[in-house]
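**Q** kindly generate the corresponding structure for this input.
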Amino acid sequence: MEETDEHHVNKKCTAKTRTFKGRTNPQKSHYQHPLLQYSSHFGFFNQNQNQNQNQFQSYSCYPALLPLPPPIPLQLALAPPLSQNPTFQTKTHLQKVSCKVNDSPLATSSVSDAQVPVVTMTPEGIQGRTSLPFKGSNGRNIRSNTKEALVAARRPDSGGVEGHVITLLANHFLVKFDPSLKIYHYNVEISPNPSKEVARMIKQKLVENNSGLLSGANPAYDGRKNIYSPVEFQKDKLEFFISLPIPITKSGLPFGESNCFPQKQNQQLKVFRINIRHVSKFDGKDLSSYLSKEGDDWIPLPQDYLHALDVVLRESPMEKCIPVGRSFYSSSMGGTKEIGGGAIGWRGFFQSLRPTQQGLALNVDFSITAFHESIGVILYLQKRLDFLRDLSQRKTRSFSDEERREVEKALRNIRVFVCHRETVQRYRVHGLTEEVTENLYFPDRGGKNLRLVNYFKEHYNYDIQFRNLPCLQISRSKPCYLPMELCIICEGQKFLGKLSDDQTARILKMGCQRPKERKAIVDGIMRGPVGPTSGNQAEEFKLHVSREMTRLNGRILQPPKLKLGDGGHIRDIIPSRRDRQWNLLDSHVFQGTRIERWALISFGGTPEQKSNIPKFMNQLSHRCEQLGIFLNKSTIVSPQFESTQVLSNVSLLESKLKKIHRAASNNLQLLICVMEKKHKGYADLKRIAETSVGVVSQCCLYPNLGKLSSQFLANLALKINAKVGGCTVALYNSLPSQIPRLLRPDEPVIFMGADVTHPHPLDDFSPSVAAVVGSMNWPAANKYVSRMRSQTHRQEIIQDLAAMVGELLDDFYQEVKKLPKRIIFFRDGVSETQFYKVLKEELQAVKEACARFPGYKPPVTFAVVQKRHHTRLFPFEVDPSSTQNLPTDENIPPGTVVDTVITHPKEFDFYLCSHWGVKGTSRPTHYHVLWDENQFTSDELQKLVYNLCYTFVRCTKPVSLVPPAYYAHLAAYRGRLYLERSESVACTRSSSTISRAAPPKATPLPKLSENIKKLMFYC
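**A** Okay, here's the model as predicted:
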């Protein structure tokens, strides 16, 4: 199923505003407020439902988050020079990696004794390649006169050759540019500092009124400080003054009231000073040389020119849509859909300019994300918070302290507008008033205290209904109040909260299109009125963007032969089905375990559901036996039945689990937990079981026990077997036999995976959690041990990587009796902008861990694994009558690999779709090798990764992500669960805090019990 921007979006996004152009009905709010009958003469709303739609259309500047005042003639104003606002530039603080390593029998007592190889990196990042004229192709250090620098590994060959060739389409659109065209870069300073929307209005008027000084150019503007022009301006330094009618709020009325006069008096002409200064000029010759196969292999990517072209292609969508990251959204793109909880799904598109083997390409993809629904605040709270569902019927109710915190959390930083008077002004919610509306007073301009509810009765003939609710506080520093019932959520604000399971399911469904439909949507975007080719900016810069998807050849790798258990009738199998799945009918798992001592605990459930427990235990034991796993038919203690409330009481839950463990003589192999429904106490249960009690647990839900299908029982059995030390499958032909040039049976290799999980976007203090896993057997390489650490909030670089890798090497030595001859490291969750930093710091940490062992310097391959990208591959049918091609509405088959045309011009990367896409459009995984001292060929590494995808323990099909990275993701998620209880407590403590200067020190994770430390408890 398709992932959406919500998946993951672990970045903290700020909702942006945008003026919609060419939209006849920018607001489609169906909110109707009783007060609006007094405002019908504004053309806002009407009590008459039949006239409602016409009233919307007649009002041309309905006050959403997006629109500023409707187009009003802007003029140049002669004004005295304004004082220049100081600009503040943020600095990046690089933290030194802490490498506290536990002593081990093999480790040296001092890192310095081991002669850690120190690699000095260029501070410029990847752009530091300019002075590096030569280097080997494996990504090793290049020695210059003064220092050594890291450079990402180069492609070792022209691409792989193994596999059946198929023709595909990719959502990359070729961009042709004129290398000789000079682009002039100008810095823009606007004072006082405007919002991005006002800045774009200023730029637009600047171009209209000063064509001569700008040499007739229509420059591209990034909305911040950069303007790019295809021709040189008349002067290197230019200064302009522009006045704009900006809505203002006059002081004196502390609840957002400007005054009660018509709107035109709520505005004043605000003067802006614009200073334009020439920074540089560059042409596209370096970019053309970088992209050409004949060019110097070590020319750095000319980021300046590429960024300028990217700004040019984003100009038109920026004017018509709401930008969120690299995506653009509009309520006009195929409609919106409610996803519950006060959120609404919007359609949009992603675009990114990328250097590829075919040249510059624009990657365009369909995208979905959640926005706040534009409705009244009261109705929004009813939808958002379950405990307020009946709020509109209970107008006299008030909030408890806990409810007040939840409401404040839900509304903070949301922008609203008022409906009791005509205005285009928008207000940001900073919190709630301490007093309820009934008790709020404010001084008028004469100093007399006025009661807020009386003021609205006298000025607007409106009786405030919800008098026992607090007002919205719309100023950070001074009291400014707005009654909730008079406020409406502005349109176009990205939903930053954590989506519920139901919301996530609905938004995934919105973005779940079969390949044929998704391809048609992307083609429509490229030809549509808001897409990247919709404006004339590209022509100004002599850019030609193809509207046809890129056609290319891919290859389908053959599936490996698999080895199953010796006890079954079928002991080996080649997955020959189209989806590459296999079943375990008449087969045993490769290594089944014996579970003699286990227990079961139930939370909640009806009497009828509880009566099914004996049947469930019997059938699970029988299904395990069929799979070659021994599960004792009887539990060590009789099944325990507890109420669901036990899951909400941490201390009681812990005592119950410890009581079961003691009854099993502190020797319990497995605890099965059956729950009535999903519960937040799941996190506490896992933490207590794995850190305090020391037992592996498997949870399941009562609704699934009613069916007891063979498939459900088999899936449960596979997870249980893996958690207690077994494994499902192994490669029949071991990895050394498949890649004999590099791998030997007597020279063990360790596969490592690493990932970092971050708190959700609105959480500004919780730690991030890093996890590293390592394979512990050779040549099977299908059992992985994990290490987890909490670290600084939103820190992507793994801080304790050296220590974690060192511990995994210790464990490997204990299991295999040798240190690994080679290390193959898969790093998940890294964006391209972080490649150099991750390579510089984390590769060094891996080598530092190795240096603890005397004379140990294994070759390392370091590859980044990316799932959150927007490249999609579609089947291409050359001849409709041909039987060799895939149907165009089916996903590409498992094993499809692409390493030409759309991949990096020089570096070692490839796309591999190792799984069968059941729903939506398959997303191939992008593997980008940053360092390769093992010197793999394309074929060798692609085969290795694809074969490993068949060894995942939880299922009988190849997975979409190489297992070391997959397991690291699961382990990091488990570490996040351990923190959830303390996070919720911390969240309650700091709910009144508006902002935090710096995140607190990371709460350390509880230590794992020794009983389960070497088991795959996290899978």
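
**Q** alpha carbons only for contacts and neighbour counts from here, please
**A** Fine.

**Q** what number of residues lie near the closest residue in space to residue 438 that isn't next to it in sequence?
**A** Nearest residue to residue 438, sequence neighbours excluded (CA to CA, 6 or more residues apart in numbering): residue 467, at 4.9 Å. By the criterion of other CA atoms under 10 Å, residue 467 has 21 neighbours.

**Q** measure residue 953 to residue 715 for me?
**A** From residue 953 across to residue 715, the span is 10 Å (CA to CA, to the nearest Å).

**Q** looking at these two, which is more packed in?
**A** Legend: neighbour count by other CA under 10 Å for residue 953 and residue 715, higher for residue 953 (25 against 14).

**Q** which residues touch the residue lying closest to that one once chain neighbours are set aside?
**A** Closest residue to residue 953 apart from its sequence neighbours, by CA to CA, 6+ apart: residue 728 at 5.4 Å. Residues in contact with residue 728 (CA atoms under 8 Å, 6 or more residues apart in numbering) are 564, 589, 590, 591, 592, 718, 721, 722, 951, 952, 953, 954.

**Q** where does this protein dip in pLDDT?
**A** Across the chain, residues meeting the criterion (pLDDT under 70) sit at 1-149, 247-267, 295-297, 878-888, 981-999.

**Q** mind naming the longest strand for it?
**A** Identified as the longest strand of the chain according to DSSP state E is strand 267-282.

**Q** am I right that the residue nearest to residue 438 is in a helix?
**A** No. Residue 467 is assigned coil when assessed by DSSP: H, G, I helix; E, B strand; the rest coil, not a helix.

**Q** distance check, it against residue 399.
**A** Note on residue 467: its distance to residue 399, by CA to CA, is 11 Å.

**Q** ditto for residue 1011
**A** Relative to residue 399, and taking CA to CA, residue 1011 is found at 47 Å.

**Q** what of residue 707?
**A** With CA to CA as the criterion, residue 707 and residue 399 are 43 Å apart.

**Q** same question, residue 219
**A** To residue 399, residue 219 is 53 Å away according to CA to CA.

**Q** higher neighbour count, those two?
**A** Neighbour totals were compared for residue 219 and residue 399, and residue 219 leads with 23 against 15 (other CA under 10 Å).

**Q** contacts only, for that one.
**A** Residue 219 is in contact with 227, 228, 229, 230, counting by CA under 8 Å, 6+ apart.

**Q** for it, grab phi and psi.
**A** When read as degrees, to the nearest 10, the backbone of residue 219 gives phi -70, psi 160.

**Q** residue 194 versus that one, what's the distance?
**A** Noted for residue 219: a distance of 19 Å to residue 194, by CA to CA.

**Q** swap in residue 918?
**A** The gap separating residue 918 from residue 194 is 48 Å, by CA to CA.

**Q** swap in residue 435?
**A** Going from residue 435 to residue 194 by CA to CA gives 34 Å.

**Q** any idea where the strands of the stretch 701-850 of the chain begin and end?
**A** Secondary structure of the stretch 701-850 of the chain (DSSP state E, counting those that start in this stretch): strands at 730-731, 749-757, 768-775, 784-791, 822-828.

**Q** just send those strands back as a markdown table, with distance to residue 166 and mean neighbour count too.
**A** As requested, the strands of the stretch 701-850 of the chain are exported to a markdown table (distance: least, CA to CA, whole Å; neighbours: other CA atoms under 10 Å):
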| stretch | distance to residue 166 | mean neighbour count |
| --- | --- | --- |
| strand 730-731 | 26 | 24 |
| strand 749-757 | 31 | 27 |
| strand 768-775 | 34 | 29 |
| strand 784-791 | 35 | 25 |
| strand 822-828 | 28 | 23 |
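
**Q** redo those as a markdown table? Include distance to residue 739.
**A** Listed next are the strands of the stretch 701-850 of the chain as a markdown table, based on distance: least, CA to CA, whole Å:
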| stretch | distance to residue 739 |
| --- | --- |
| strand 730-731 | 13 |
| strand 749-757 | 12 |
| strand 768-775 | 18 |
| strand 784-791 | 21 |
| strand 822-828 | 13 |
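
**Q** measure residue 863 to residue 935 for me?
**A** In this view, residue 863 and residue 935 are 13 Å apart by CA to CA.

**Q** between these two, which one's more packed in?
**A** residue 863 (24 against 19).

**Q** on the three-state scheme, residue 380 is what?
**A** Here residue 380 is helix, with the state taken from three-state DSSP.

**Q** against residue 463, how distant is it?
**A** Distance, residue 380 to residue 463, by CA to CA: 21 Å.

**Q** likewise residue 241?
**A** Relative to residue 463, residue 241 is positioned 46 Å away (CA to CA).

**Q** and if you look at residue 848?
**A** The spacing between residue 848 and residue 463, counted by CA to CA, is 70 Å.

**Q** the more surrounded of the two?
**A** Set residue 848 next to residue 463 and count neighbours by other CA under 10 Å: residue 848 wins out with 25 against 15.

**Q** so the more buried one sits against residue 802, correct?
**A** Yes. If you go by CA atoms under 8 Å, residue 848 and residue 802 touch, sitting 6.1 Å apart.

**Q** what about residue 473, how many residues close to it?
**A** The local packing of residue 473 (other CA under 10 Å) involves 27 other residues.

**Q** next one: residue 390
**A** When neighbours are defined as other CA under 10 Å, residue 390 has 12 of them.

**Q** then residue 867?
**A** Counted with other CA under 10 Å, the neighbours of residue 867 add up to 17.

**Q** show me which residues of stretch 861-871 are buried.
**A** By neighbour count, with 16 or more other CA atoms under 10 Å as the criterion, the buried positions of stretch 861-871 are 861, 862, 863, 864, 865, 866, 867, 868, 870, 871.

**Q** restrict it to CA atoms and write it as PDB.
**A** Provided in PDB are the C-alpha atoms of stretch 861-871 (Å, rounded to 0.1, in the frame of the first residue of the first chain):
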ATOM      1  CA  THR A 861      30.200  -1.300   2.600                       C
ATOM      2  CA  PHE A 862      27.800   1.400   3.700                       C
ATOM      3  CA  ALA A 863      24.500   1.800   1.900                       C
ATOM      4  CA  VAL A 864      21.600   4.100   2.500                       C
ATOM      5  CA  VAL A 865      18.100   2.600   2.100                       C
ATOM      6  CA  GLN A 866      15.300   4.900   1.100                       C
ATOM      7  CA  LYS A 867      11.600   4.200   1.000                       C
ATOM      8  CA  ARG A 868      10.400   7.800   1.300                       C
ATOM      9  CA  HIS A 869      11.100   8.800  -2.300                       C
ATOM     10  CA  HIS A 870       8.700   9.600  -5.100                       C
ATOM     11  CA  THR A 871      10.000   7.500  -8.000                       C
END
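
**Q** thanks again, I'm all set now.
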